[in-house]
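[1] let's see this in three dimensions:
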Amino acid sequence: MLLTRIKGPRDLDRLSQEELDRLAAEIRTFLVDAVSKTGGHLGPNLGVVELTIALHRVFDSPKDKVLFDTGHQAYVHKLLTGRQDFGGLRTKGGLSGYPSRAESEHDVIENSHASTVLGWADGFAKANEVLGREDHHVAAVIGDGALTGGMAWEALNNIAAAKDRPLVIVVNDNERSYGPTIGGLANHLATLRTTDGYERFLARGKDLLERTPVVGKPLYETLHGAKKGLKDFIAPQGMFEDLGLKYIGPIDGHDIEALESALQRAKRFSGPVIVHCLTQKGRGYEPAVQDEADRFHAVGVIHPDTGLPVSTDAASWTSVFADEMVKLGRERKDIVAITAAMLQPVGLKKFADAYPDRIFDVGIAEQHGATSAAGLASGGAHPVFAVYATFLNRAFDQVLMDVALHKCGVTFVLDRAGVTGTDGASHNGMWDMSILQVVPGLRLAAPRDAEQLRAQLNEAVLVKDAPTVVRFSKGVVGPAVPAVGRIGGMDVLRTPAAEVTRPDVLLVSVGALAPMCLEIADLLDKQGISTTVVDPRWVKPVDEALAPLADGHRVVVTVEDNSRAGGVGSAVAQALRDAGVDVPLRDFGIPQRFLDHATRKEVMAEIGLTAPDIARQVTGLVAKLDGRYDSEPAAAVD
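    Numbers count the residues shown, from 1 in each chain. Predicted coordinates:
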């Protein structure tokens, strides 16, 4: 196989055109076989095989910087830079599903949030200029979907300002992000895709006119002087050129020879250049090509021949939300939904099918989505903006200053909250309950099961004068966790024996960690430690009934699937101080560091967020209060 002979990018240099085409076919076969076993981003990588080969033949990585946005299409890049062991892809100790600096010197940036690559590229190009590195180049690959993000256009505005600073921007145009790309930019690129190339037209015209006696040459010069207007008429790439960017394309993104020619021309140019490449997401794998939803953007473990899932999961948190949104839409005509280019992943496809006039896809533009939601709310609608928890970080200022300051009734639904695992550091939704704590008036719900998700979503959309947030985990929703009582607005999940006058521990359980918290209580009970378990349901603001309840216990323990810094535990501690309740508190959550990719279970074990780990520490804390800390070690908890 040719692929096994590729240990680094320079091994591509000695391959013939025929061998390069064979290599592309081998890579597609490898990707289908490998990713079907582990899951991962299949469709995007099948679409950039030839483009990645051409990039590494034209540019000399790692001296030249080859950058990818958002990075989920970097599997081919990994293969061509010596990483062909995909057996542990996205598993602990295996390859990351995104570029990773720890893996290779060829991986420059590893942030997998979209629309950032042009900012990185601008910085690298400026560094080359400042340090006089004229033989260093920068090539940034950005999908047409990522160009819907405002950061990309902020970067383009700055890149275009330096007419003589070399930088190659490769637009990987497959008409999609997850689903089909939407908006004005998508329409513009579609026009470029379907219009005959201007350069060919002008060349034919020049040849014809220069052979026309007397009037030919003057007429050609007149037309050439009117080049801009004619060019916009024949091939309206003027949007890029009006910014001051040289434009090359459209190029067949599956023709290695044409790609190399275009990239070489761009590389030689002394300023910023756009190379517009047309690719097909999922190319070469029929099940992906036939998947109209997202062309197998991301898959679980599948049968390689059919593309069908190997197993069918139980109901997911996302599917519960999806069904409830359709019900809400049927009951209330003012309910509208917003997505940032992820209609299907966040569970809004059913709503869109049922109410196509009440769904708004803003592209990869969370900031705009939040402010647009404020406008919708002020106009009389109630928007539900569904977004991955980690992506809400990008819209914090808009949540604060546009939605909350204006007291707009907007509901944010945060999917993939807490530890998500296999997608790595940038996809863990571990910051939302911290950053949102500082937003005045905002209410935040963390449902523990499907029933509570439905109930709290319904409660959230009733709020008209403040932002509300409902956050839930990735994956399968667990069994129902019934309440045994209610104190204030909090559900009581477990109480101590009736004869206990002052229980030892008040355990505050946040969201989907309720089953684990009940397990902790069972383990503590075996050590003779009495425990009350409550689910606040709404973790912001802290329920007024919590402080007096805490005052009746010896220790308060909070457990959350969020960063410990500034999270629910911190809010509870502050509420107790404000109420003058002087009870020891211990908060358990995610440590303040970036987490390597692994399964959720493995990550939780690594950071000590498991029932035995927490029970062991709480046992030690109670023993210390009892005065047994120095003289008698706490009993081990199995």
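
[2] give me the mean pLDDT for the longest strand anywhere in the chain.
    Looking across the chain with DSSP state E, the single longest strand is strand 555-563. If you average the pLDDT over strand 555-563, you get 96.

[3] repeat that for stretch 244-260.
    On average, stretch 244-260 scores 91.

[4] ends of it, how far apart?
    One end of stretch 244-260 sits 23 Å from the other (C-alpha to C-alpha, to the nearest Å).

[5] could you check the host helix or strand of Ala373 and say which residues are buried?
    Element membership for Ala373, per DSSP states H and E: helix 366-378. Across helix 366-378, burial judged by 16 or more other C-beta atoms under 10 Å covers 366-374, 376-377. To be clear about C-beta, it is placed using only N, CA and C from the backbone, and glycine gets the same treatment.

[6] what lies in contact with the next helix or strand after the longest strand of the chain?
    The first helix or strand that comes after strand 555-563 along the chain, using DSSP H and E, is helix 568-578. Outside helix 568-578, the residues within contact range by C-beta atoms under 8 Å, 6 or more residues apart in numbering are 433-434, 437, 446, 508, 510, 536, 539-540, 542, 546-547, 550, 556, 558, 560, 562, 564, 582-583, 585, 587-589.

[7] would you mind writing the CA trace of helix 568-578 as CSV?
    C-alpha atoms of helix 568-578 as CSV (Å, rounded to 0.1, in the frame of the first residue of the first chain):
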residue,chain,number,x,y,z
VAL,A,568,-22.9,26.0,42.1
GLY,A,569,-20.7,25.0,45.1
SER,A,570,-19.4,28.6,45.2
ALA,A,571,-22.8,30.1,44.9
VAL,A,572,-24.2,27.9,47.7
ALA,A,573,-21.2,28.8,49.9
GLN,A,574,-21.9,32.5,49.3
ALA,A,575,-25.6,32.0,50.1
LEU,A,576,-24.8,30.4,53.4
ARG,A,577,-22.4,33.2,54.4
ASP,A,578,-25.0,35.8,53.5
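
[8] hey, which helix or strand in the chain has the poorest pLDDT?
    Ranked by mean pLDDT, DSSP states H and E, the weakest helix or strand in the chain is helix 227-234, scoring a mean of 42.

[9] can you flag the buried ones in the contacts of helix 568-578?
    Applying 16+ other C-beta under 10 Å to the contacts of helix 568-578 flags 433-434, 437, 446, 508, 510, 536, 539-540, 542, 546-547, 550, 556, 558, 560, 562, 564, 585, 587-589 as buried.

[10] narrow those residues to those in strands?
    Short answer: the buried ones among the contacts of helix 568-578 in strands (DSSP E) are 508, 539-540, 556, 558, 560, 562, 585, 587-589.

[11] mind putting those into JSON lines with distance to Gly43?
    What follows is those, written out as JSON lines (distance: C-beta to C-beta, whole Å):
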{"residue": "Val508", "distance to Gly43": "42"}
{"residue": "Val539", "distance to Gly43": "37"}
{"residue": "Lys540", "distance to Gly43": "38"}
{"residue": "Val556", "distance to Gly43": "48"}
{"residue": "Thr558", "distance to Gly43": "41"}
{"residue": "Glu560", "distance to Gly43": "35"}
{"residue": "Asn562", "distance to Gly43": "32"}
{"residue": "Leu585", "distance to Gly43": "47"}
{"residue": "Asp587", "distance to Gly43": "41"}
{"residue": "Phe588", "distance to Gly43": "39"}
{"residue": "Gly589", "distance to Gly43": "35"}
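
[12] farthest pair in these?
    Largest separation among those by C-beta to C-beta: Lys540 and Phe588, giving 18.2 Å.

[13] so for stretch 79-89, mean pLDDT?
    Per-residue pLDDT over stretch 79-89 has a mean of 93.

[14] list the contacts of the spatially closest residue to Gly418 that is not a sequence neighbour.
    With sequence-adjacent residues excluded and distances taken as C-beta to C-beta, 6 or more residues apart in numbering, Gly418 is closest to Asp561, at 3.2 Å. By C-beta under 8 Å, 6+ apart, the contact set of Asp561 is 417-419, 430, 473, 510-513, 589-590, 609.

[15] just Phe59 next, same as before
    66, 137, 139, 263, 267 are the contacts of Phe59 under C-beta under 8 Å, 6+ apart.

[16] what's the distance between the residue nearest to the second one when sequence neighbours are not counted and Leu167?
    I take that to be His137. Leaving aside its chain neighbours, His137 sits nearest to Asp64 (4.3 Å; criterion: C-beta to C-beta, 6+ apart). Applying C-beta to C-beta, to the nearest Å, the value for Asp64 to Leu167 is 11 Å.

[17] for Phe269, same thing?
    Taking C-beta to C-beta, one finds Phe269 at 9 Å from Leu167.

[18] the more surrounded of those two?
    Comparing Phe269 with Leu167 by other C-beta atoms under 10 Å, the one with more neighbours is Leu167, at 27 against 15.

[19] what residues are bridge-paired with that one?
    Leu167 forms beta bridges with Pro272, as assigned by DSSP bridges.

[20] how about it, what does it touch?
    Neighbour list for Leu167: 121-122, 125, 138, 140, 159, 271-273 [criterion: C-beta under 8 Å, 6+ apart].

[21] if we go to 7 Å?
    Each residue near Leu167 by C-beta atoms under 7 Å, 6 or more residues apart in numbering is listed here: 121, 125, 138, 159, 272.

[22] of these, which is the most crowded?
    Top of the contacts of Leu167 by neighbour count (other C-beta under 10 Å): Pro272, with 29 neighbours.

[23] residues making contact with the longest helix along the chain?
    Assignment by DSSP state H gives helix 17-38 as the longest helix of the chain. Residues from elsewhere that reach helix 17-38, judged by C-beta under 7 Å, 6+ apart: 1-3, 15, 42, 45-46, 49-50, 53, 75-76, 79, 86, 89-91, 256-257, 284-285, 299, 301-304.

[24] Asn393 touches Gly429, doesn't it?
    No: using C-beta atoms under 7 Å, Asn393 makes no contact with Gly429, being 9.2 Å away.

[25] so which of the two has more stuff around it?
    Remark: of Asn393 and Gly429, Gly429 carries more neighbours, 26 against 15, as counted by other C-beta under 10 Å.

[26] quick one: residues contacting the closest residue to that one other than its chain neighbours.
    Distance criterion C-beta to C-beta, 6+ apart; nearest residue to Gly429, sequence neighbours excluded, is Ala389 at 2.7 Å. Neighbouring residues of Ala389 by C-beta under 7 Å, 6+ apart: 414-417, 429, 432, 471.

[27] how far away is Ala389 from Gly424?
    Taking C-beta to C-beta, one finds Ala389 at 15 Å from Gly424.

[28] then His553?
    Remark: distance between His553 and Gly424 (C-beta to C-beta) = 38 Å.

[29] repeat that for Pro541.
    Counting by C-beta to C-beta, the gap from Pro541 to Gly424 is 33 Å.

[30] those two: who's more crowded?
    A direct count of neighbours by other C-beta under 10 Å for Pro541 and Gly424 places Gly424 higher, at 21 against 15.

[31] per-residue pLDDT, the residue nearest to that one when sequence neighbours are not counted?
    In this structure, Gly424 finds its nearest non-sequential neighbour in His597, 3.8 Å apart by C-beta to C-beta, 6+ apart. Note on His597: pLDDT of 88.

[32] which of the three states applies to His597?
    coil (DSSP: H, G, I helix; E, B strand; the rest coil).

[33] surely it meets Arg90?
    Yes: counting by C-beta under 7 Å, Arg90 is a contact partner of His597 at 5.8 Å.

[34] out of these two, which sits in the busier spot?
    His597 (25 against 22).

[35] how far away is that one from Thr70?
    15 Å.

[36] now swap in Gln84 and tell me
    23 Å.
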